[in-house]
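Engineer: no sequence on this one, just coordinates:
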């Protein structure tokens, strides 16, 4: 079973959505976790187009202004979403494999770009990890800086 975790840096452009759709199809992805979607709302048509005709259960955390946003989806034919939890910096799904009955949890995170909120983010992750008894996969953009040398300074983007 394949999981796609991808920092999109915006999902508004048709070419970017096409990339996601093609990747889901070509790689036979069962769980999709997209961070930094920079979208507040997804229509049913947006989600159907993104899945390329495959049936997914989707939940999302809206972007705040021009940053953030998380979209998490699981393929309905293989996975049942037993529960989901949308928080300030993350989305969690508790999943059950329809064939094996194996239960597990997937968490997609988008950490705050404002590093004064890092303590809140880490407290949220701590609560998630201590609250669940299921095996868990967690991924995303943590936006954490452990040391000064990790900062991107004087970067130029074209």
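Structural biologist: Structure's in. What do you need? Quick caveat: nothing in here was measured; it's all calculated off a predicted structure.

Engineer: going forward, measure contacts and count neighbours with C-alpha atoms only.
Structural biologist: Will do.

Engineer: where in this structure is pLDDT low?
Structural biologist: For the chain, the stretches with pLDDT under 70 are 148, 150-158.

Engineer: which residue is nearest the centroid of this structure?
Structural biologist: residue 33 (3.0 Å; Cα atoms, centre = their mean).

Engineer: that one reaches residue 108, doesn't it?
Structural biologist: Yes. Residue 33 is within contact range of residue 108, at 6.0 Å (criterion: Cα atoms under 8 Å).

Engineer: still on that earlier bit, right, and the helix or strand after the helix or strand encompassing the residue nearest to the centre of the chain?
Structural biologist: If you go by DSSP states H and E, residue 33 is part of strand 29-35. Following strand 29-35 in sequence order, the next helix or strand is helix 44-51 (DSSP H and E).

Engineer: so how far is that next one from its chain's centroid?
Structural biologist: In terms of Cα atoms, centre = their mean, to the nearest Å, the centre of helix 44-51 is set 16 Å apart from its chain centre.

Engineer: is the residue nearest to the centre of the chain in a bridge, and if so with what?
Structural biologist: On the basis of DSSP bridges, residue 33 is bridged to residue 5, residue 72.

Engineer: and if you look at residue 29?
Structural biologist: residue 2.

Engineer: that one is in contact with residue 21, isn't it?
Structural biologist: No. In this structure, residue 29 is not within contact of residue 21 by Cα under 8 Å, at 9.9 Å.
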